[in-house]
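> what follows is a predicted protein model with its sequence.
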Amino acid sequence: MDNSLVLTSNLLGLNNNNSINLANKDERMKMLQLIENDSFLPHFHEKVVGSNKQILKSFSDLELIYYFVHSPKHARDILYMLSKNFNDDVKSKQQKSRTAGTIREYTRELLIFYSHIKDYAYHFDFVSTESLFKQLENNHIENYHKWLIAEGNEGKPYSLATLARKTTILKSFFKWLYINEVISKPVHEAFYSVNIKDSERVNRDLHYHEVKQILDYYKNHVIYHAILSVLATTGARVQEICTAKWKDMRYDSEGRGYWLNILGKGGKRRDILIFHNVFERIQAFRARRGLKTSLDTADNSYVFQTNLGNPYRYKYMSNLVTRIISDTNLAFVKTKTNGKISGHFFRHFFAIESYKNGSPLRYIQQTLGHTKVETTLIYLEKVMAEDNHVGLSWNQEKF
């Protein structure tokens with residue numbers, strides 16, 4: 001490998017696969033944070049392009065994960081890399097096509113897979129000093145996927161939605177390795193198909209009377225009330241409110257509330273409406289955290305921050321929301337997916353409540369940040385089927 005690239009990998013700690021115990025959660029977290037660091041990407045990319053991608057074949061497994069999650073896939077990624085040579089003002093205007101949350105999710109799943117392969121390498125007669133990815137055969141992938149499907153979740157099966165997400169990430173990685181001739185066999189084709197049928201989709205519908213019970217339960221809890229209120233009334237994803245900045249909040253010129261500009265999937269930005277009373281709840285949250293409560297376009301703090309002054313991590317926030325809703329012990333909560341209601345349920349509620357208030361489907365799609373209207377229709381499928389049921393046209397008193 002090129003000497004300067006070895007130096008870069010040494011700094012990152014990526015070039016010695018065997019010295020890292022990824023089965024250890026703390027070490028895996030440390031490696032996750034290292035791979036999230038994209039400051040060495042321009043150097044990596046320069047060497048890859050300069051060698052016409054041939055240098056990829058000499059990368060360690062961890063270097064391959066690093067370059068895969070960060071490698072340019074869009075013109076904006078090239079602009080993002082170039083911006084690292086510019087001043088901070090130019091940098092702040094550039095966004096990668098993959099968000100930090102997506103990169104973290106991909107990295108986490110690939111590190112978990114790599115950890116599993118390392119732990120069971122002796123079963124496969126792998127040469128431990130060489131790249132494990134390059135030694136994988138179709139039967140290895142098939143057997144691993146069978147295990148993941150049957151007992152990958154601490155001895156239990158994953159939900160189909162979780163399994164589909166994990167499979168998509170692994171397939172895309174091995175397809176990338178094959179296309180770039182790092183591996184010689186299309187092992188990505190050995191993964192089983194994990195398509196979710198409409199009948200298998202989890203019912204995430206929430207209705208007004210249910211959401212109101214949750215909000216009322218926490219009305220005296222400044223922190224939880226603010227977070228749940230924003231999720232319930234904006235349709236924003238948990239990830240989106242975790243990354244929202246205070247400087248991106250502005251007052252509506254017609255007095256209808258406040259607009260918060262958020263970063264959505266695919267690096268796309270959109271505005272969400274913050275009601276007056278919800279804004280007051282956010283202010284109460286920020287006051288409790290010792291943060292500024294008046295609007296300030298120069299305030300780079302996150303809208304929601306932990307008591308340590310850090311932004312909420314997506315996984316932490318997601319688990320927090322699920323836990324505090326479960327802790328209410330409200331009767332209807334126990335009937336929903338084993339008593340677990342995630343933050344994503346509120347997006348379904350937002351779509352349903354907007355539909356019932358007469359909002360056109362196209363407007364609901366735009367507000368939720370859906371690329372395809374078909375996704376929005378999934379959220380509304382059950383409530384629209386009920387509203388369109390022909391039985392409602394009958395005169396019930398005749399029977």
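On my side now, so go ahead.

> any idea of the mean pLDDT for stretch 113-125?
The pLDDT scores in stretch 113-125 average 77.

> check stretch 278-293 too.
98.

> now do it: distance to the chain's middle.
Relative to the centre of its chain, stretch 278-293 is centred 26 Å away, using CA atoms, centre = their mean, to the nearest Å.

> got it, and stretch 375-387?
From the chain centre to the centre of stretch 375-387 is a distance of 24 Å (CA atoms, centre = their mean).

> which strand or helix spans residue 272?
strand 269-274 (DSSP states H and E).

> elements contacting that strand?
Counting contacts by 3 or more CB pairs under 8 Å, 6 or more residues apart in numbering; DSSP states H and E, strand 269-274 packs against helix 222-234, strand 258-263, helix 361-368. Yep, even glycine has a C-beta here, placed from its N, CA and C like the rest.

> what angle do the first one and strand 258-263 make?
To tie it back to what came earlier, the one meant is helix 222-234. Counting by axes from the mean of the first three to the mean of the last three CA atoms, to 10 degrees, helix 222-234 lies at 90 degrees to strand 258-263.

> buried stuff in the next helix or strand after helix 222-234?
Downstream of helix 222-234, the next assigned helix or strand under DSSP H and E is helix 238-243. Of the residues in helix 238-243, 238, 239, 240, 241, 242, 243 count as buried by neighbour count, 16 or more other CB atoms under 10 Å.

> surely the second one meets residue 104?
Looking back up the chat, that one is residue 239. No: Residue 239 is beyond contact range of residue 104, at 9.9 Å (criterion: CB atoms under 8 Å).

> rewinding a little: which one of the helices and strands packed on strand 269-274 lies nearest to residue 155?
helix 222-234 (31.8 Å; CB to CB).

> before we move on, back to that, for the buried residues of helix 238-243, which one is nearest residue 316?
Top of the list for closeness to residue 316, among those and by CB to CB, is residue 242 at 8.6 Å.

> now render the buried residues of helix 238-243 as JSON lines, adding distance to residue 319.
Supplementary listing: the buried residues of helix 238-243 in JSON lines, determined by distance: CB to CB, whole Å:
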{"residue": "238", "distance to residue 319": "10"}
{"residue": "239", "distance to residue 319": "13"}
{"residue": "240", "distance to residue 319": "17"}
{"residue": "241", "distance to residue 319": "15"}
{"residue": "242", "distance to residue 319": "12"}
{"residue": "243", "distance to residue 319": "17"}
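
> so which of those comes closest to residue 137?
The closest of the buried residues of helix 238-243 to residue 137 turns out to be residue 239 (CB to CB; 36.0 Å).

> check contacts around the closest one.
The neighbours of residue 239, taking CB atoms under 8 Å, 6 or more residues apart in numbering as the test, are 99, 101, 314.

> I'd like to know how far the residue lying farthest from the centre of the chain sits from residue 115.
Distance from the C-alpha centroid of the chain peaks at residue 398, with 52.2 Å (CA atoms, centre = their mean). Applying CB to CB, to the nearest Å, the value for residue 398 to residue 115 is 66 Å.

> among the contacts of residue 239, which lie within helices?
Among the contacts of residue 239, DSSP state H puts 101, 314 in helices.

> sorry, back to before: what's the overlap in contacts for residue 239 and residue 104?
residue 314.

> for residue 359, give me phi and psi.
Torsion angles at residue 359 (phi, psi; degrees, to the nearest 10) stand at phi -70, psi 140.

> wait, what's in contact with the nearest residue to residue 241 once chain neighbours are set aside?
Leaving aside its chain neighbours, residue 241 sits nearest to residue 230 (5.6 Å; criterion: CB to CB, 6 or more residues apart in numbering). By CB under 8 Å, 6+ apart, the contact set of residue 230 is 236, 241, 274, 278, 281, 282.

> gap between residue 230 and residue 363?
Taking CB to CB, one finds residue 230 at 20 Å from residue 363.

> can you show me the helices along the stretch 251-399 of the chain?
Listed in chain order, the helices of the stretch 251-399 of the chain (DSSP state H, counting those that start in this stretch) span 276-288, 314-326, 345-356, 361-368, 373-387.

> nearest to residue 137, out of those?
Using CB to CB and comparing the helices of the stretch 251-399 of the chain, the one that lies nearest residue 137 is helix 314-326, at 32.8 Å.

> and the residue nearest to residue 113 when sequence neighbours are not counted, what's its pLDDT?
The shortest distance from residue 113 to any residue other than its chain neighbours is 6.0 Å, reached at residue 170 (CB to CB, 6+ apart). The score at residue 170 is 95. That number is its pLDDT.

> residue 170 sits in which helix or strand?
Going by DSSP H and E, residue 170 is part of helix 160-179.

> what packs against that helix?
So helix 160-179, by 3+ CB pairs under 8 Å, 6+ apart, packs with helix 61-70, helix 100-119, helix 138-151.

> burial-wise, tell me which of those comes out on top.
Most buried of the helices and strands packed on helix 160-179 by mean neighbour count (mean count of other CB atoms under 10 Å) is helix 61-70; its value is a mean of 23.

> quick one, that one and helix 100-119 angle?
Using the same axes, to 10 degrees: helix 61-70 against helix 100-119 is 160 degrees.

> helix 61-70 vs helix 160-179, what angle?
Using the same axes, to 10 degrees: helix 61-70 against helix 160-179 is 110 degrees.

> packing partners of helix 61-70?
With 3+ CB pairs under 8 Å, 6+ apart as the test, helix 61-70 has helix 25-36, helix 41-50, helix 100-119, helix 160-179 packed against it.

> which secondary element of this protein has the worst mean pLDDT?
helix 88-92 (a mean of 46; mean pLDDT, DSSP states H and E).

> poorly predicted segments of the stretch 51-200 of the chain, please.
Residues of the stretch 51-200 of the chain that meet the criterion pLDDT under 70 lie in 74-98, 121-125, 127-129, 196-200.
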